[in-house]
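**Student:** Return atomic coordinates for the entry below.
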Amino acid sequence: MAIIILAIESSCDDTSASVVKDGIVLSNITATQRIHEEYGGVVPEAASRRHEENIIVTIKKALQVADVDIKELSAVAVTKGPGLLGSLIVGTSFAKGLALSLNIPIIEVNHMTAHVMAHFAEEPKPSFPFLCLTVSGGHTQIVQIESHNAMRILGETLDDAAGEAFDKSGKLLGLGYPAGPLVDKHAKNGSPKFEFPIPKIPGLNFSFSGLKTAIRYFLRDGIKNDPAFISSQLEDICASIQRSIILHLMAKLKRASQKTGITQIAIAGGVSANSGLRAALKETSQKNNWNYYIPDFQYCTDNAAMIGISAHYKFLDGEFSDLYLTPQARMKITSA
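**Tutor:** Residues are numbered from 1 along each chain as shown. Here you go, the predicted model:
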C-alpha cells in the first residue's frame with residue numbers, strides 16, 4: 001500500500017503544505033506573508049494570525065494539485081520546531097486535529113533536519129555519508145549525515161547566522177525586506193573591492209557578529225565622508241559583503257571535509273539560494289574533487305515538501321508521535 005503523507009510547515013512566516021507519496025513530492029504549495037515587508041522583519045503575532053488564515057486553503061490546494069483525497073492519507077507530518085512558537089502552534093494544532101479526525105498517525109519533524117532531507121526530494125540524491133552546510137536566517141550549521149535518520153552537528157554559529165548577516169547588512173544599506181536576496185541581486189553587478197574581516201573561530205564553528213559590526217562602522221565612516229556613499233557604491237558594497245560571508249562559510253566547509261575525509265558535500269536552507277554561495281560550492285568542489293549537491297530553489301526556503309520527505313523515512317522506521325506533541329521554539333539536530 002502506498003505511503004501518502006500530508007506535510008505542514010509553519011515555523012516562521014510561510015504557510016506551506018505538501019503531499020508526498022512513497023517519497024515522491026506530488027505538490028508543494030506555499031502561502032507567503034507580505035505584511036512583514038512594511039516592518040522590515042517578521043512580526044511574530046502577525047505571522048501566527050496569517051497562518052490561521054492561510055492553513056486551510058493551502059492544504060486544500062496541496063491535496064488538489066496532488067490529486068489526492070484526504071481519506072487516502074497515511075499520516076500527517078508537521079514541523080515541531082525550531083521556529084516562532086505562535087506559528088508552530090498553528091501548524092501542530094491543525095495537524096493533531098486532522099490526524100485525530102482521520103485516525104491516522106502524526107509525525108513530528110525537526111525543521112533543520114528537514115532542510116538536510118530536502119536533498120532527497122529530487123535527483124541526484126547524495127550518498128551516505130555526506131556533509132551538509134545548512135544556512136538560513138536563524139541557523140548556520142555543518143552537519144554530518146550517516147543515514148536518513150542519523151545525523152550530527154559538527155559545527156554551528158556561536159552568535160548570528162549567515163542569513164541574519166545578509167539581512168542585517170542589507171537593512172543597513174536601506175534595502176527592502178527580505179534584504180538577503182537583494183544583497184545577492186546587487187552583488188551580481190558589483191566587484192568585491194572592499195575588505196571586511198573574516199572571522200577566525202577555532203574548529204568548525206562560525207561567528208558573524210563581528211562582521212556585522214565591521215560593516216556598520218564601514219558604512220558609518222563612508223557616509224561621513226560622502227553622504228551618497230551607499231547609493232554610489234551599492235553594488236560593490238554588496239559584492240564585498242557577500243564575498244566575506246561566503247569565504248567564512250566555505251573555509252569551514254573545506255576544513256570539515258578535510259577533517260572527516262567526506263567528499264559528498266551539500267548545502268541547504270534559505271541562503272543556499274544565494275548565487276554567490278552556489279557558485280563558490282561549484283568552484284570549490286571542482287578544485288577538491290567533491291561531489292556537490294545544491295537543492296532546487298523551491299526546496300531552499302521554508303517549504304512543506306522537505307517536511308514530507310523527512311516524515312517519509314520516519315514512517316518507514318515507525319517513528320510516530322502522539323497527540324501530546326508540543327512545539328518547541330528551539331530544537332537541536334540529534335542523532336537517531
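**Student:** Show me where the stretch 51-200 of the chain has its helices.
**Tutor:** Listed in chain order, the helices of the stretch 51-200 of the chain (DSSP state H, counting those that start in this stretch) span residues 85-102, 111-117, 162-172, 179-187.
**Student:** check contacts around the residue nearest to the spatial centre of the chain.
**Tutor:** The residue lying closest to the centre of the chain (CA atoms, centre = their mean) is Gly269, at 2.6 Å. The contact partners of Gly269, taken as CB atoms under 8 Å, 6 or more residues apart in numbering, are His115, Thr134, Val135, Ser136, His139, Gly163, Cys300. Just so you know, the C-beta spots here come from the backbone N, C-alpha and C atoms, and that holds for glycine as well.
**Student:** How about the first one, nearest residue that isn't a chain neighbour?
**Tutor:** In this case it means His115. Nearest non-adjacent residue to His115, counting by CB to CB, 6 or more residues apart in numbering: Ala268, 4.3 Å away.
**Student:** so the one you found touches Cys300, yeah?
**Tutor:** Yes: with contact defined as CB atoms under 8 Å, Ala268 reaches Cys300; the gap is 7.2 Å.
**Student:** Of those two, which one has the most company?
**Tutor:** Between Ala268 and Cys300, counted using other CB atoms under 10 Å, the more crowded position is Ala268 (26 against 23).
**Student:** Spell out which residues sit in contact with the more buried one, please.
**Tutor:** Ala268 is in contact with His115, Val116, Ala118, His119, Cys132, Leu133, Thr134, Val135, Pro295, Cys300, counting by CB under 8 Å, 6+ apart.
**Student:** Kindly recompute the last result at 10 Å.
**Tutor:** Counting by CB atoms under 10 Å, 6 or more residues apart in numbering, Ala268 touches 112, 114-119, 132-136, 141, 143, 293-295, 299-300, 306.
**Student:** what's the answer for Ile245, then?
**Tutor:** Contact analysis of Ile245 by CB under 10 Å, 6+ apart lists 135, 140, 162-163, 165-166, 169, 180, 183, 196, 198-199, 206, 208, 211, 271, 274, 276-277.
**Student:** Check Ser10 too.
**Tutor:** Residues near Ser10 by CB under 10 Å, 6+ apart: 16-17, 31, 47-48, 50-52, 54-55, 58, 78-79, 83-84, 86-95, 302, 304, 307, 327.
**Student:** tell me which residues form a beta bridge with the closest residue in space to Tyr293 that isn't next to it in sequence?
**Tutor:** Distances taken as CB to CB, 6+ apart place Ala266 nearest to Tyr293, at 4.0 Å, with adjacent residues excluded. Taking DSSP bridges as the rule, Ala266 bridges to Cys132, Tyr293.
**Student:** For Ala266, the count of nearby residues, please.
**Tutor:** Around Ala266 there are 25 other residues, counting by other CB under 10 Å.
**Student:** Thr15 reaches Ala47, doesn't it?
**Tutor:** Yes: applying CB atoms under 10 Å, one finds Thr15 in contact with Ala47, separated by 9.2 Å.
**Student:** Pick out whichever of these two has more residues nearby.
**Tutor:** Neighbours were counted for Thr15 and for Ala47 using other CB under 10 Å; Thr15 has more, 29 against 23.
**Student:** mind checking how far the residue nearest to His115 is from Met306?
**Tutor:** Counting by CB to CB, to the nearest Å, the gap from Ala268 to Met306 is 8 Å.
**Student:** And for Ile237?
**Tutor:** From Ile237 to Met306 the distance is 33 Å (CB to CB).
**Student:** How about the backbone phi and psi for the residue nearest to the centre of the chain?
**Tutor:** phi 100, psi 170 (degrees, to the nearest 10).
**Student:** Per-residue confidence, it, what does it come out as?
**Tutor:** We have a pLDDT of 95 for Gly269.
**Student:** Look up the closest residue to it, ignoring the ones flanking it.
**Tutor:** Ser136 is the one closest to Gly269 (CB to CB, 6+ apart), at 3.8 Å.
**Student:** Hmm, Asp160 and the one you found touching each other?
**Tutor:** No: assessed by CB under 10 Å, Ser136 is found out of contact with Asp160, at 11.8 Å.
**Student:** Those two - which one has more neighbours?
**Tutor:** Neighbours per residue (other CB under 10 Å) separate Ser136 from Asp160, with Ser136 holding more: 24 against 20.
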